[in-house]
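[1] sequence plus the predicted model coming up.
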Amino acid sequence: MRSDYQQLVDEISAALGAPATLEDRDFQLIAFGAHEGEDDEVMDPVRTRSILQRRSSAAVRAWFEAFGIARATSPLRIPPDPAAGVFKGRICLPVRHRGVVHGYVWLLDDGHLTDLELGGGDTPPDPRMAQAMESAARIGALLAEESRAGSELAEVLRELLTSRTDGKAAAAAGALRDALRDTLRFSPGTPLTLVAVLPWDTTATDAAPLPALPGLLAACPLPAADAGAPDRSGPGAAEPVLAALVRLRQAGSLAPAHTAADHLLRSPRAGSAPAATGRTGARPTRGAAGIGVPTRELTELPDSWRQALAAARAARAEPRLSPVAEWTDLGAHRLLTALPAAAPDSAVGPLLTPAHAELARTVEAFLDCAGQAGRTAQQLGIHRQTLYYRLGRVEKLTGLDLDEGADRLLLHMALKAARL
């Protein structure tokens, strides 16, 4: 199907004699026409980044959407703005199907399209523009068909990942196998894994087509209550998460999963949910992704999903694991993420108050460094005597003895659990 998009984009470029680019409604690159000529200015920074990074930035998206492209039903002219990196004007062809916008075709205008009649109102469009809009309508139909297929796969994947009983899980796995086979010519026994992206903005009411990434088969957003994590409360408890099913080339190589995670984290929907703290004007939270253990059995995908979600939670809590973490690399977080939410230990609770944030950070670094004072002081950028003073305050505050292994273990695990 991607070759069909390229052919239609080439048709539009040929009809109007201008380089054309096709992006979906989330500004992810789908296809682009060749740029003929030696004028480097035509390849303005916005178009160059769109092609090289296969998507436009959130700032670029907001700038173009301000011209009303999401509501347009006929072509629009976008003026140049060198300050925004847009050196040449553009003509935007909205790609619609049955009234729904599915993407945009962008035409660079170096001046030769200035007198081209775009149509709209009672004025008929130039025949070349009419031909281009016919191609755009065919693109819209293809994107709508792809979106429907993706929505069907997403529903089956959601059913599998939220199944609570073995019988329902087996039935959902069979339905997913059939859907994958019918839609993607999927072969049983292919290694698969799950990627979790947390948080994921689900305010959009319709599903955007999946980005064209190697191995990305299906994706579905899940409410936190259905995501499979242990019961928990506090910040992040109500955040929805995206589940992405990825096909691997071989079970031992997670490269396609990392590619999908990195791309999805750059989506405007990733990490855009406000922190669930109840505070007015809370800042958007940082997104993170996790990757589960590969499997060849569809019935084992719920286990891979729980691993991916745990890894995403750990990546958000632990900077050294961020922004993408594999389940196999979590270490102690494999145990911590499986624990249900509980009140902090009574001894450690006072240390977790905002007033003692500096002491908590200091003793956590000390424990991360296996109790090596010199290494800890260097990492924190403080004098060793300052470190000893702070550790003494921690002992007085908690009643714990940092020379005792059991007390160190309690404190270390409590601090890590608090991050989650």
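    Perfect, thanks for sending it.

[2] need the contact list for residue 257.
    193, 195, 215, 246, 248, 291 (CB atoms under 8 Å, 6 or more residues apart in numbering). Every residue, glycine included, has its C-beta placed from N, CA and C.

[3] tell me the contacts of the third one?
    Contacts for residue 215 were tallied using CB under 8 Å, 6+ apart; they are 246, 247, 248, 249, 256, 257, 259, 260.

[4] against residue 33, how distant is it?
    Distance from residue 215 to residue 33, counting by CB to CB, to the nearest Å: 26 Å.

[5] which element follows whichever strand or helix holds residue 104 toward the C-terminus?
    Using DSSP states H and E, residue 104 falls within strand 100-109. Downstream of strand 100-109, the first helix or strand assigned by DSSP H and E is helix 127-161.

[6] just the CA atoms of whichever helix or strand comes after that following helix, as CSV, please.
    Next helix or strand after helix 127-161 toward the C-terminus (DSSP H and E): helix 166-184. C-alpha atoms of helix 166-184 as CSV (Å, rounded to 0.1, in the frame of the first residue of the first chain):
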residue,chain,number,x,y,z
ASP,A,166,-7.0,-18.3,30.4
GLY,A,167,-10.0,-19.2,28.3
LYS,A,168,-10.7,-15.6,27.2
ALA,A,169,-7.0,-15.0,26.5
ALA,A,170,-6.7,-18.1,24.3
ALA,A,171,-9.8,-17.0,22.3
ALA,A,172,-8.4,-13.5,22.0
ALA,A,173,-5.0,-14.9,20.9
GLY,A,174,-6.7,-16.9,18.2
ALA,A,175,-8.7,-13.9,17.0
LEU,A,176,-5.5,-11.8,16.8
ARG,A,177,-3.7,-14.6,14.9
ASP,A,178,-6.5,-14.7,12.4
ALA,A,179,-6.6,-10.9,12.1
LEU,A,180,-2.9,-10.6,11.6
ARG,A,181,-2.8,-13.4,9.0
ASP,A,182,-5.7,-11.9,7.0
THR,A,183,-4.4,-8.3,7.2
LEU,A,184,-0.7,-8.7,7.1
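
[7] pull out the buried positions in helix 166-184.
    For helix 166-184, the neighbour count (16 or more other CB atoms under 10 Å) marks 169, 172, 173, 175, 176, 177, 179, 180, 183 as buried.

[8] how about the strands in the chain?
    Shown for the chain, the strands assigned by DSSP state E span residues 20-24, 29-32, 76-78, 89-97, 100-109, 192-198, 216-222, 241-247, 288-291, 324-326.

[9] make a markdown table from those and add mean neighbour count, mean pLDDT and distance to residue 365 to it.
    Listed next are the strands of the chain as a markdown table, based on neighbours: other CB atoms under 10 Å; pLDDT from 0 to 100; distance: least, CB to CB, whole Å:
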| stretch | mean neighbour count | mean pLDDT | distance to residue 365 |
| --- | --- | --- | --- |
| strand 20-24 | 24 | 90 | 44 |
| strand 29-32 | 21 | 86 | 42 |
| strand 76-78 | 18 | 92 | 51 |
| strand 89-97 | 22 | 92 | 51 |
| strand 100-109 | 23 | 90 | 48 |
| strand 192-198 | 29 | 95 | 25 |
| strand 216-222 | 22 | 90 | 35 |
| strand 241-247 | 26 | 94 | 29 |
| strand 288-291 | 29 | 96 | 21 |
| strand 324-326 | 23 | 97 | 20 |
